[in-house]
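Participant: model this:
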Amino acid sequence: MSLRSTELRTPQGQIVLIPNKEVFEKPIVNYTASKERRVDLKVDVAYTEDLERVKTIISQALEAIPFRQARRDVELFYEEFADCSIKLAIRFWIDFARQTDFLQARSEAIEKIKQAFDGHNIIFPSRTLTLDIAASEKLFKVLADHDDSQGNKNNHPSKE
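Facilitator: Just a heads-up that it's a prediction; the model follows:
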């Protein structure tokens, strides 16, 4: 901290100079002071899934996350009915010394959830696009016009 500004180093290594007026008027978040941090993830599941089963599978999958604080339970909250899925929020706490601890824990959580879903045949939501005949014909025309302008051979399905 100098007379006019405060110098901060970002996790990417850049130096940021903040006018002291801003420092005094706005809070600065220190992620490492408490030595713990919460990891938040968002996951969507298909409407056809048994939500209690999904909750159990995710909780078990996240038990083995390195740095995860065993004294705190994994929290899972269903948030909303979306167009093609049910959205849920997952939260767990980790011991935290460096930004890489957070990134590693989040990355491993994503891997473990994916593996657990695959192993238990939990379906991630998917979208199906249905076009009526008129819309299909317009799409084929746009694609054909684009191919012609690019000098490409038209390999699109026929309109029949």
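
Participant: and the pLDDT for S149?
Facilitator: Looking at S149, its pLDDT is 71.

Participant: buried sites along the helix or strand containing it?
Facilitator: Assessed by DSSP states H and E, S149 sits inside helix 133-150. For helix 133-150, a neighbour-count test (16 or more other CB atoms under 10 Å) marks F140 as buried. For glycine as for every other residue, the C-beta is placed from the backbone atoms N, C-alpha and C.

Participant: elements contacting that helix?
Facilitator: Identification of packing neighbours for helix 133-150 by 3 or more CB pairs under 8 Å, 6 or more residues apart in numbering; DSSP states H and E yields no helix or strand.

Participant: break this protein down into its domains, please.
Facilitator: For the chain, the structural domains run 1-30, 36-119, 129-160, going by automatic domain parsing.

Participant: shaky segments in this protein?
Facilitator: The model of the chain has pLDDT under 70 over residues 11-12, 127, 129, 150-160.

Participant: contacts for the longest helix anywhere in the chain?
Facilitator: The longest helix of the chain (DSSP state H) is helix 99-119. By CB atoms under 8 Å, 6 or more residues apart in numbering, the residues outside helix 99-119 that reach it are 11, 31, 37, 39, 41, 43, 57-58, 60-62, 64-68, 90, 92, 94-96, 122-124.

Participant: so which of these are in strands?
Facilitator: Counting by DSSP state E, these place 37, 39, 41, 43, 90, 92, 94-95 in strands.

Participant: once you drop chain neighbours, what's closest to R37?
Facilitator: The shortest distance from R37 to any non-neighbouring residue, by CB to CB, 6 or more residues apart in numbering, is to F96 (4.0 Å).
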